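A.B. asks: I would like the atomic coordinates for the input below:
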Amino acid sequence: MINTCRRCGAYVVEKRIDPAGPYAICPACGEQHRFRQLPLLLVCGPSGGGKTTTLYSLLGRMTAVVLLEGDLLWRDPFNSPDDNYRDFFDTWLRLAKNINQAGRPVVLFNAGAIPPNIESCAERRYFSESHYLALVCDDDVLAARLRARPTWRASGDETFITAQITFNQWLRTEGPLADPAVTLLDTTTAAEAETATAVASWIRRIVETA
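C.D. replies: Below is the predicted model of the structure:
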């Protein structure tokens, strides 16, 4: 949908967007395809920050948006850090764009859903705005959460823990300076219900003013 031109059949991701419609304009024949251009909401953060727990808490409680877990689509071929996991995130944005056509914004929960990985994607043009929320916490608390996980999750490896702490620190220092800025939510001492309520409020503020 949208990427395939209804008139000439050309498949083009990088169409010009005319906000007046909004229209996606085919570069091959000039066909204007009207579509819904909704905001994209992204909840990121290190493993252990609280993303999955919060997502489970919100499922069934919010019907104005579609809540999705980013790892659902993850496959080894997507593991391409050299290009900021471009295929992975373009695939997610393509899916979210199509869901938008039913009139509901998507909230994607994924560790790496940060501005450097999202804003350069070709599919980003089909969203009116992108909003980022990072769930972060104190480094020692993050390490303790990861070590306390079941063995099968393989989260207790010290190399993995160090990588998550590094990412946590990056979000806390660089996230607010990114473009767009990443809003931080500290989950260090917050109960699960408190974090879920804060994330739900963040979502509602964006959706209600879109």
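A.B. asks: from here on, just use CA atoms for contacts and neighbour counts.
C.D. replies: Will do.
A.B. asks: show me what the strand ranked longest in the chain is packed up against.
C.D. replies: Of all segments of type strand in the chain, defined using DSSP state E, the longest is strand 130-136. Counting contacts by 3 or more C-alpha pairs under 8 Å, 6 or more residues apart in numbering; DSSP states H and E, strand 130-136 is packed against strand 40-44, helix 158-174, strand 182-186.
A.B. asks: do you know how far the residue nearest to the spatial centre of the chain is from Arg7?
C.D. replies: Centroid-nearest residue in the chain: Leu42, 3.1 Å away (criterion: C-alpha atoms, centre = their mean). From Leu42 across to Arg7, the span is 34 Å (C-alpha to C-alpha, to the nearest Å).
A.B. asks: swap in Leu184?
C.D. replies: Note on Leu184: its distance to Arg7, by C-alpha to C-alpha, is 45 Å.
A.B. asks: partner strands of the longest strand of the chain and their direction?
C.D. replies: Sheet pairing here is set by DSSP bridges, and for strand 130-136 it gives strand 40-44 (parallel), strand 182-186 (parallel).
A.B. asks: so of the ones you listed, which one's packed in deepest?
C.D. replies: Compared across the strands paired with strand 130-136, strand 40-44 shows the largest average neighbour count, a mean of 26 (mean count of other C-alpha atoms under 10 Å).
A.B. asks: where's that strand relative to the chain centroid, distance-wise?
C.D. replies: Offset of strand 40-44 from its chain centre (C-alpha atoms, centre = their mean, to the nearest Å): 4 Å.
A.B. asks: buried sites along the helix or strand following it?
C.D. replies: Going down the chain from strand 40-44, the next helix or strand is helix 51-58, by DSSP states H and E. Within helix 51-58, the residues scored as buried using 16 or more other C-alpha atoms under 10 Å are 51-52, 54-55, 57-58.
A.B. asks: before we move on, the earlier item: would you format the strands paired with strand 130-136 as a markdown table with distance to Asn98 and mean pLDDT included?
C.D. replies: Shown next, in a markdown table, are these (distance: least, C-alpha to C-alpha, whole Å; pLDDT from 0 to 100):
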| stretch | distance to Asn98 | mean pLDDT |
| --- | --- | --- |
| strand 40-44 | 12 | 98 |
| strand 182-186 | 25 | 98 |
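A.B. asks: between those strands, which one is closest to Thr151.
C.D. replies: Closest of those to Thr151 is strand 40-44, at 23.6 Å (criterion: C-alpha to C-alpha).
A.B. asks: quick check: angle from that closest one to helix 51-58?
C.D. replies: 130 degrees (axes from the mean of the first three to the mean of the last three C-alpha atoms, to 10 degrees).
A.B. asks: now the angle from strand 40-44 to helix 158-174?
C.D. replies: Counting by the same axes, to 10 degrees, strand 40-44 lies at 130 degrees to helix 158-174.
A.B. asks: next one: Pro176 from Cys121, what distance?
C.D. replies: From Pro176 across to Cys121, the span is 20 Å (C-alpha to C-alpha).
A.B. asks: more neighbours, those two?
C.D. replies: More neighbours surround Cys121 than the other of Pro176 and Cys121, with 20 against 17 (other C-alpha atoms under 10 Å).
A.B. asks: mind pulling up the pLDDT for that one?
C.D. replies: At Cys121, the model reports a pLDDT of 98.
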